[in-house]
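Build me a model from this:
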Amino acid sequence: MTPTEFAHNKGLEYGSNKSKEHKKALGQYFTSCAIASFMASLVDEAPETPIKICDPGAGHGLLSCALVERLVKLGVKNISIDLFEIDEAIHEVLKNNLEYLIKYYAEDNVIINYNLYGDNFLIWANENYPDCEESYDYVISNPPYFKLNKGDKNVKASSFLLEGITNIYAGFIAMGIKLTKISGDTIFIVPRSFSSGLYFKSLREFLFKESRLKRIHLFKSRTEAFKEDKVLQETIIFKANNKAGVETKISISEGIKDLKIQNTFSKYQITDLIDLESNHKILHLPTNSDDFELIQSLRKLKFRLSSHSIKVSTGRVVAFRSKNNLKNDNKSGFNVPLIWNFNISQYALKWPVIQDKKPQFIDRINPRILVPSQNYVLQRRFSAKEDKKRIICAPFIAREYDFNEIGFENKTNFMYRTNGELSDDLVYGLCVLFNSSIYDRYFRMINGNVNVSSTEMSNMPIPSLEKIIFLGAQFKEDKSIVEDEQYISSIVFSDKTEPVTV
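Numbering: from 1, shown residues only. From the prediction side, this is the model:
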């Protein structure tokens, strides 16, 4: 039994005896044997000198074992490993796995030493910086994933690299890159959420400034990567370094089973995937040539919603905070409509919809959480598993509702004009635009979440105002145009300023 297989089995035994609460508190989701081996395989060359590895968030040591196996195959004979794991309950399992690794290669005269630290990796690195800077040949990690509050010790420990991280894995990535030698590799498996959005903007700026993404692997399945822990999260594997070359290779698999046959990939220049001159530096991850062509076409669209004086905001009604204000009817005459996520469907607002614990009205006691009744484009902030598309928009035409104010629940976004009101045609046009396959495909390339933030919507490249209004007018005349994606594309990407019927 190889060290990787041994460590994997021992990790399964340990995990089966730990509660979900224990794992969640530590952000602890163990890597599978297949993924560990795949990550290690991304190392394609190794120096002849003694090798030093860092494994932050080591868990049961699976990644270290897989990487050592890979390095031995590449001819390495002297390896030192620093492992960081704050869960003391797993230390005995981790030590046993490492001792098995050492014995396994003893007959091959491979020298393996390790240091196990029970310290918080970010705090340790902060306290030992700059002595530990660029001190490892390889940093390989499946870091913990959990959100952080502003005053958290992990935020403070990584603040000299990144400003205001909101998830601990961002700190691990940044610190891992700084601890890797110029000639070394940084290899991580993390959620795809860092590729776009305001919360990870500082990480993207740091990543693209301090290192170069050389390999990226995507999973089509949202459940396969951490199947044992039943984690619903789109993940990404990447290798970054500062070696020569600016080419990025992207591979993709359905899940774990076809990882071993993953020997094909697409090659891109990093500038094809990231607009380094842009403010948000969104990472685009195409899965095929059609996706890549779409990215290039959308890059030619120079408008954003703000270009047309349109703003996206998140619904102001937080249900649990306004519990006493939510009402099931308007018998008092004092209540106004409350729009929830589930009221919004493509091209149609379904209200009222009687549903348990989701009252369809809200009183007017707190006017600050209400908005004036005027034309809006409403959008779900979260898509459901059964939804075919990630972006779902519906028109809100004010004259169809006999109310002066309206409430939007916090899991919705709403678009409005900052210098007036959206016309009917503009409302319908925006719905046609964002409900189209163009923007569904684009969003999937920049975000692995079911969460569609107002920031991401605001930064979508869009066509001219005239084209959007034209699409809206066409929709009013013939709603079946939404089924003709080719027609919508011809309008959106037409070189003409004024769209024409084709």
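
how about S141, what does it touch?
C54, D55, P56, G57, L63, F172, G176, I187, F188, I189 (Cβ atoms under 8 Å, 6 or more residues apart in numbering). C-beta here means a position set from N, CA and C on the backbone, and glycine is covered the same way.

among these, who's most crowded?
Top of the contacts of S141 by neighbour number is L63, holding 31 neighbours under the definition other Cβ atoms under 10 Å.

residue contacts, that one?
So L63 contacts T31, A36, M39, A40, D55, I140, S141, N142 (Cβ under 8 Å, 6+ apart).

I'd like to know how far it sits from N279.
35 Å (Cβ to Cβ, to the nearest Å).

Format the contacts of L63 as TSV; extra columns: pLDDT.
Converted to TSV, the contacts of L63 look like this (pLDDT from 0 to 100):
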residue	pLDDT
T31	83
A36	96
M39	96
A40	97
D55	98
I140	98
S141	97
N142	96
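
Please pick the buried ones from the residues you listed.
Buried members of the contacts of L63, scored by 16 or more other Cβ atoms under 10 Å, are T31, A36, M39, A40, D55, I140, S141, N142.

In helices, which of these appear?
A36, M39, A40 (DSSP state H).

My guess is the second one contacts V190. True?
No. When contacts are counted by Cβ atoms under 8 Å, M39 is not listed as touching V190 (11.4 Å).

Between the ones in helices among the buried ones among the contacts of L63, which sits nearest N366?
Closest approach between those and N366, by Cβ to Cβ: M39, at 50.5 Å.

ok, and the closest non-adjacent residue to the closest one?
I187 (5.3 Å; Cβ to Cβ, 6 or more residues apart in numbering).

Which residue ranges of the stretch 51-200 of the chain form helices?
With DSSP state H, counting those that start in this stretch as the criterion, the stretch 51-200 of the chain has helices at 62-73, 91-106, 121-127, 153-158, 168-179.

gap between the fourth one and the chain center?
The one in question is helix 153-158. 21 Å (Cα atoms, centre = their mean, to the nearest Å).

who's in contact with that helix?
120, 122-123, 125-126, 148-149, 164-165, 168, 170-171, 174-175.

how about 7 Å then?
L122, I123, N126, L148, G164, I165, I168, G171, A174, M175 (Cβ atoms under 7 Å, 6 or more residues apart in numbering).

ok so, going back, of the buried ones among the contacts of L63, which is the nearest to S490?
The nearest one, if we look at the buried ones among the contacts of L63 relative to S490 and count by Cβ to Cβ, is M39, at 43.0 Å.

Identify the residues contacting the closest one.
L63, A66, I140, I187, I189, I237.

So S64 sits against I81, correct?
Yes. The pair S64 / I81 is scored as a contact, 5.2 Å apart, by Cβ atoms under 7 Å.

list the residues that contact both of those two?
Here S64 and I81 have I53, D55 as joint contacts, going by Cβ under 7 Å, 6+ apart.

The top strand by length along the chain to helix 62-73, inter-axis angle?
Looking across the chain with DSSP state E, the single longest strand is strand 180-191. Computed by axes from the mean of the first three to the mean of the last three Cα atoms, to 10 degrees, the angle separating strand 180-191 from helix 62-73 equals 130 degrees.

Report all helices and strands that the next helix or strand after strand 180-191 contacts.
The first helix or strand that comes after strand 180-191 along the chain, using DSSP states H and E, is helix 201-210. Identification of packing neighbours for helix 201-210 by 3 or more Cβ pairs under 7 Å, 6 or more residues apart in numbering; DSSP states H and E yields helix 168-179.

residues making contact with the helix it packs on?
Contacts for helix 168-179 (Cβ under 7 Å, 6+ apart): 27, 54, 56-57, 121-122, 125, 132-136, 139, 141, 143-146, 148, 154, 158, 161-162, 165, 186, 188, 190-191, 194, 200, 203, 206-207, 210-211, 240.

before we move on, back to that, just give me the closest of the contacts of M39 to P367.
Of all those, P367 sits closest to I189, with 47.2 Å by Cβ to Cβ.

Just the pLDDT at the closest one, thanks.
For I189, the model assigns a pLDDT of 96.

cool, and K20?
For K20, pLDDT reads 68.

buried sites along stretch 84-93?
By neighbour count with 16+ other Cβ under 10 Å, stretch 84-93 contains the buried residues F84, E85, I86, D87, I90, H91, V93.

Stretch 402-420 too?
By 16+ other Cβ under 10 Å, the buried positions in stretch 402-420 come out as 403, 406-417.

Residues contacting that stretch, please?
305, 309-319, 336-341, 344, 362, 364, 369-373, 376-382, 422, 430, 454, 457.

I'd like the mean pLDDT over that stretch, please.
Mean predicted lDDT for stretch 402-420 stands at 97.

Please save the CA atoms from that stretch in CSV.
Only the C-alpha atoms of stretch 402-420 are listed here, as CSV (Å, rounded to 0.1, in the frame of the first residue of the first chain):
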residue,chain,number,x,y,z
ASP,A,402,-51.4,49.8,-6.8
PHE,A,403,-48.9,50.7,-4.1
ASN,A,404,-46.6,53.7,-3.5
GLU,A,405,-43.8,51.7,-1.9
ILE,A,406,-42.5,48.2,-2.1
GLY,A,407,-40.2,45.9,-0.1
PHE,A,408,-37.4,43.7,-1.6
GLU,A,409,-36.1,40.9,0.6
ASN,A,410,-32.3,40.6,1.2
LYS,A,411,-31.8,37.7,-1.2
THR,A,412,-32.9,39.8,-4.1
ASN,A,413,-31.1,42.5,-6.2
PHE,A,414,-32.9,45.3,-7.9
MET,A,415,-31.8,47.6,-10.7
TYR,A,416,-32.9,51.2,-11.1
ARG,A,417,-32.1,54.4,-12.8
THR,A,418,-30.0,56.9,-10.7
ASN,A,419,-31.2,59.9,-12.7
GLY,A,420,-34.8,59.1,-13.3
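
and S64 and I81? which has more neighbours close in?
Using other Cβ under 10 Å as the criterion, S64 and I81 rank with S64 on top: 31 against 25.

Name all residues that make contact with that one.
Contacts of S64 (Cβ under 7 Å, 6+ apart): I53, D55, A58, I81, L83.

now do 6 Å
Contact analysis of S64 by Cβ atoms under 6 Å, 6 or more residues apart in numbering lists D55, I81.

Done for today, thanks.
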